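Colleague: sequence first, then the predicted structure, then my questions.
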Amino acid sequence: MSPRRRAMFAVLAAIVVLAVGGFALRGLLRREPVRIPDQGVLGAVLLVPGYGGGTEGVDRLAAAIRARGRAATVVEMPDGGTGDLAVQADVLDDAVGQALRRAPSVDVIGYSAGGVVARLWAQRHDGVHKARRIVTLGSPHQGARLAAAGAAGLPGACPAACQQLAPGSTLLAQLKSPVPNPPQWLSVWTEQDQTVVPPDSARLAGAVDVDIQQACPGREVAHGDLPTDDYVTGLVLDAIGTAPIGPAPPC
């Protein structure tokens, strides 16, 4: 092939490359932005139990949600909810992935340590683009003294989740505060909590914060009552509806 013909083919090849590259660039520029869940469209509801893995309370809350016509699933955690919270967040993300095959988004409700799992999941697993609402009930966002006492006790007496829930733990320090919006967040807690001490460890910057006794003076609600108390159930049902999460109504 003559030098002149080789030069002509080289020019043609360059034109093709530029055309293909320009087409790809235009496609990237036209790509739709990553979707944020529509607050007006309801999806699936996932409930995360607390430390120890007992589900009786959250099962009752799930039943109340199903009675409103919503799909609600209690996500069982490995090791009875006492293992690494990061692994629990991974398990929650698997459940979220399954739910998103049938629903446009998820609402996540975490009870006690399950609320910290929900928060960790949202941060590490792109919860902004998967979750519409996140609710935590009596969750030790700043840690619990009981966990600190366990961590300081005999070796092996405080499993991974217990150590991670001690105030000042590495895991808690890595959680973003305030939480990002979206999704919309609600944190409900009781001043009578004797498990998460101090009770106001459940305060969550960036969330609508509900101190039950401030909203409903004289109401008796212990830590274990949070998933089943009628007033709290009403707060949860309102929070996972279509209206924006707002201040708690009086009881």
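Modeller: Yes, it's here.
Colleague: number of residues surrounding Ala173?
Modeller: Residues lying near Ala173 (other C-beta atoms under 10 Å) number 10. All C-beta spots, glycine's among them, are computed from the backbone N, C-alpha and C.
Colleague: tell me which residue is most central in this structure.
Modeller: Within the chain, the residue whose C-alpha comes closest to the C-alpha centroid is Ala118; the distance, by C-alpha atoms, centre = their mean, is 3.1 Å.
Colleague: next up, the contacts around it.
Modeller: 48, 92, 108-110, 134, 136, 139 (C-beta atoms under 8 Å, 6 or more residues apart in numbering).
Colleague: which of these fall in helices?
Modeller: Secondary structure defined by DSSP state H assigns Leu92 of these to helices.
Colleague: got JSON lines for the contacts of Ala118, with distance to Asn181 and neighbour count too?
Modeller: Output for the contacts of Ala118, formatted as JSON lines (distance: C-beta to C-beta, whole Å; neighbours: other C-beta atoms under 10 Å):
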{"residue": "Val48", "distance to Asn181": "20", "neighbour count": "31"}
{"residue": "Leu92", "distance to Asn181": "20", "neighbour count": "25"}
{"residue": "Val108", "distance to Asn181": "15", "neighbour count": "31"}
{"residue": "Ile109", "distance to Asn181": "17", "neighbour count": "27"}
{"residue": "Gly110", "distance to Asn181": "17", "neighbour count": "29"}
{"residue": "Ile134", "distance to Asn181": "10", "neighbour count": "28"}
{"residue": "Thr136", "distance to Asn181": "14", "neighbour count": "30"}
{"residue": "Ser139", "distance to Asn181": "17", "neighbour count": "30"}
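Colleague: let me know the closest of the contacts of Ala118 to Pro78.
Modeller: Sorting the contacts of Ala118 by distance to Pro78 puts Leu92 at the head of the list, at 11.0 Å, by C-beta to C-beta.
Colleague: one step back: out of the contacts of Ala118, list just those in strands.
Modeller: Counting by DSSP state E, the part of the contacts of Ala118 found in strands is 48, 108-110, 134, 136.
Colleague: and those, which two are furthest apart?
Modeller: The two members of those with the most space between them (C-beta to C-beta) are Val48 and Ile134, at 10.1 Å.
Colleague: backbone phi and psi for the residue nearest to the centre of the chain, please?
Modeller: Ala118 has phi and psi values of phi -60, psi -40 when expressed as degrees, to the nearest 10.
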